[in-house]
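Undergrad: Give me a model of this one.
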Amino acid sequence: MVFSNEDKTLIKNLRKSEGYSARKYIKEFPDKNWNRKGLDYLLKKFCETGTVEWKVGSGKRRSGRTMQNINAVEDLIVSVSVKWGWFSMSPSRQRPQTGPFAIPKIYP
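TA: Numbers count the residues shown, from 1 in each chain. This next block holds a predicted model:
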(Lines give C-alpha, C1' and ligand atoms only; values in the text may rest on other atoms or scores of the structure.)
Protein backbone atom coordinates (compact mmCIF):
# COMPACT_ATOMS: atom_id res chain seq x y z
CA MET A 1 0.00 0.00 0.00
CA VAL A 2 1.36 3.37 -1.01
CA PHE A 3 0.66 6.29 1.29
CA SER A 4 1.09 9.89 0.19
CA ASN A 5 3.18 12.25 2.29
CA GLU A 6 -0.01 13.95 3.51
CA ASP A 7 -1.44 10.58 4.55
CA LYS A 8 1.74 9.68 6.42
CA THR A 9 1.73 13.00 8.24
CA LEU A 10 -1.95 12.61 9.17
CA ILE A 11 -1.40 9.06 10.42
CA LYS A 12 1.66 10.10 12.41
CA ASN A 13 -0.07 13.06 14.06
CA LEU A 14 -3.26 11.19 14.94
CA ARG A 15 -1.25 8.26 16.30
CA LYS A 16 0.83 10.60 18.44
CA SER A 17 -2.05 12.72 19.77
CA GLU A 18 -5.06 10.37 19.81
CA GLY A 19 -3.45 6.93 19.85
CA TYR A 20 -5.38 5.70 16.81
CA SER A 21 -5.13 2.03 15.81
CA ALA A 22 -5.23 0.71 12.25
CA ARG A 23 -8.91 -0.21 12.59
CA LYS A 24 -9.76 3.26 13.85
CA TYR A 25 -8.07 4.85 10.81
CA ILE A 26 -10.07 2.61 8.46
CA LYS A 27 -13.29 3.48 10.27
CA GLU A 28 -12.57 7.24 10.36
CA PHE A 29 -11.34 7.53 6.76
CA PRO A 30 -13.30 5.02 4.60
CA ASP A 31 -12.80 7.08 1.43
CA LYS A 32 -9.01 6.62 1.59
CA ASN A 33 -9.23 2.86 0.84
CA TRP A 34 -6.39 2.03 3.23
CA ASN A 35 -5.93 -1.61 4.18
CA ARG A 36 -5.16 -2.79 7.68
CA LYS A 37 -1.92 -4.55 6.79
CA GLY A 38 -0.44 -1.41 5.26
CA LEU A 39 -1.47 0.68 8.24
CA ASP A 40 -0.07 -1.91 10.65
CA TYR A 41 3.26 -1.79 8.83
CA LEU A 42 3.35 2.02 8.88
CA LEU A 43 2.37 2.21 12.56
CA LYS A 44 4.99 -0.39 13.49
CA LYS A 45 7.62 1.59 11.61
CA PHE A 46 6.52 4.78 13.37
CA CYS A 47 6.67 3.14 16.81
CA GLU A 48 10.14 1.70 16.18
CA THR A 49 11.82 4.69 14.53
CA GLY A 50 9.71 7.68 15.52
CA THR A 51 9.25 8.70 11.89
CA VAL A 52 7.34 7.46 8.85
CA GLU A 53 10.00 8.57 6.34
CA TRP A 54 12.53 6.32 4.62
CA LYS A 55 15.89 5.79 6.24
CA VAL A 56 18.79 7.39 4.39
CA GLY A 57 20.50 4.85 2.15
CA SER A 58 17.66 2.34 2.21
CA GLY A 59 17.13 2.44 -1.55
CA LYS A 60 18.89 0.62 -4.36
CA ARG A 61 22.64 1.14 -4.57
CA ARG A 62 23.65 2.90 -7.76
CA SER A 63 27.44 2.77 -7.65
CA GLY A 64 28.03 0.15 -10.35
CA ARG A 65 28.36 2.44 -13.39
CA THR A 66 30.68 5.14 -12.12
CA MET A 67 33.40 6.37 -14.47
CA GLN A 68 36.02 5.08 -12.03
CA ASN A 69 34.60 1.54 -12.22
CA ILE A 70 34.23 1.69 -16.02
CA ASN A 71 37.86 2.78 -16.43
CA ALA A 72 39.06 0.09 -14.02
CA VAL A 73 37.24 -2.64 -15.96
CA GLU A 74 38.57 -1.37 -19.31
CA ASP A 75 42.13 -1.34 -17.93
CA LEU A 76 41.69 -4.86 -16.57
CA ILE A 77 40.38 -6.14 -19.91
CA VAL A 78 43.27 -4.58 -21.82
CA SER A 79 45.89 -5.85 -19.35
CA VAL A 80 44.49 -9.40 -19.44
CA SER A 81 44.28 -9.43 -23.23
CA VAL A 82 47.90 -8.21 -23.54
CA LYS A 83 49.04 -10.74 -20.90
CA TRP A 84 47.35 -13.61 -22.72
CA GLY A 85 48.75 -12.44 -26.06
CA TRP A 86 45.49 -11.86 -27.85
CA PHE A 87 46.92 -8.97 -29.85
CA SER A 88 50.09 -10.77 -30.92
CA MET A 89 48.35 -13.83 -32.39
CA SER A 90 47.25 -14.23 -35.97
CA PRO A 91 43.60 -13.26 -36.55
CA SER A 92 42.52 -16.89 -36.87
CA ARG A 93 43.84 -17.74 -33.37
CA GLN A 94 42.54 -14.64 -31.56
CA ARG A 95 39.65 -14.78 -29.17
CA PRO A 96 36.31 -14.45 -31.02
CA GLN A 97 34.66 -11.03 -31.12
CA THR A 98 31.15 -12.48 -30.76
CA GLY A 99 29.66 -15.25 -28.67
CA PRO A 100 30.08 -16.25 -25.03
CA PHE A 101 33.88 -15.66 -24.99
CA ALA A 102 33.92 -12.24 -26.60
CA ILE A 103 35.40 -9.23 -24.81
CA PRO A 104 32.55 -6.78 -24.14
CA LYS A 105 32.88 -3.20 -25.30
CA ILE A 106 32.16 -0.70 -22.54
CA TYR A 107 30.87 2.69 -23.52
CA PRO A 108 30.54 5.62 -21.08
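Undergrad: rest of the way, CA atoms for contacts and neighbours
TA: Noted.
Undergrad: Count the residues that sit near residue 33.
TA: 9 (other Cα atoms under 10 Å).
Undergrad: where's it relative to residue 18, distance?
TA: 21 Å (Cα to Cα, to the nearest Å).
Undergrad: tell me, what residue is most central in this protein?
TA: Centroid check for the chain by Cα atoms, centre = their mean gives residue 60 as the closest residue, at 1.8 Å.
Undergrad: Helix, strand or coil: sort out it for me.
TA: coil (DSSP: H, G, I helix; E, B strand; the rest coil).
Undergrad: gap between it and residue 72?
TA: 22 Å.
Undergrad: now swap in residue 14 and tell me
TA: In terms of Cα to Cα, residue 14 sits 52 Å off from residue 72.
Undergrad: what's the strand or helix carrying residue 43 in contact with?
TA: In the assignment (DSSP states H and E), residue 43 maps to helix 36-49. By Cα atoms under 8 Å, 6 or more residues apart in numbering, the residues outside helix 36-49 that reach it are 1, 12, 15, 22, 23, 26, 51, 52.
Undergrad: Mind telling me what element residue 79 is part of?
TA: For residue 79, the host element (DSSP H and E) is helix 67-83.
Undergrad: next one: that helix to chain centre, how far?
TA: From the chain centre to the centre of helix 67-83 is a distance of 27 Å (Cα atoms, centre = their mean, to the nearest Å).
Undergrad: And for stretch 41-60?
TA: 16 Å.
Undergrad: From here on, call the first residue 8.
TA: Right, with 8 as the first residue, what we last looked at is stretch 48-67.
Undergrad: can you tell me the distance between the two ends of it?
TA: First-to-last distance for stretch 48-67 - Cα to Cα - comes to 21 Å.
Undergrad: Please spell out which residues along that stretch are buried.
TA: Using 16 or more other Cα atoms under 10 Å as the test for burial, stretch 48-67 gives 49, 50, 53, 59.
Undergrad: Now distance to residue 87 and pLDDT too, for the residues you listed, in JSON lines please.
TA: JSON lines is the format used below for the buried residues of stretch 48-67 (distance: Cα to Cα, whole Å; pLDDT from 0 to 100):
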{"residue": "49", "distance to residue 87": "51", "pLDDT": "87"}
{"residue": "50", "distance to residue 87": "54", "pLDDT": "88"}
{"residue": "53", "distance to residue 87": "52", "pLDDT": "85"}
{"residue": "59", "distance to residue 87": "50", "pLDDT": "75"}
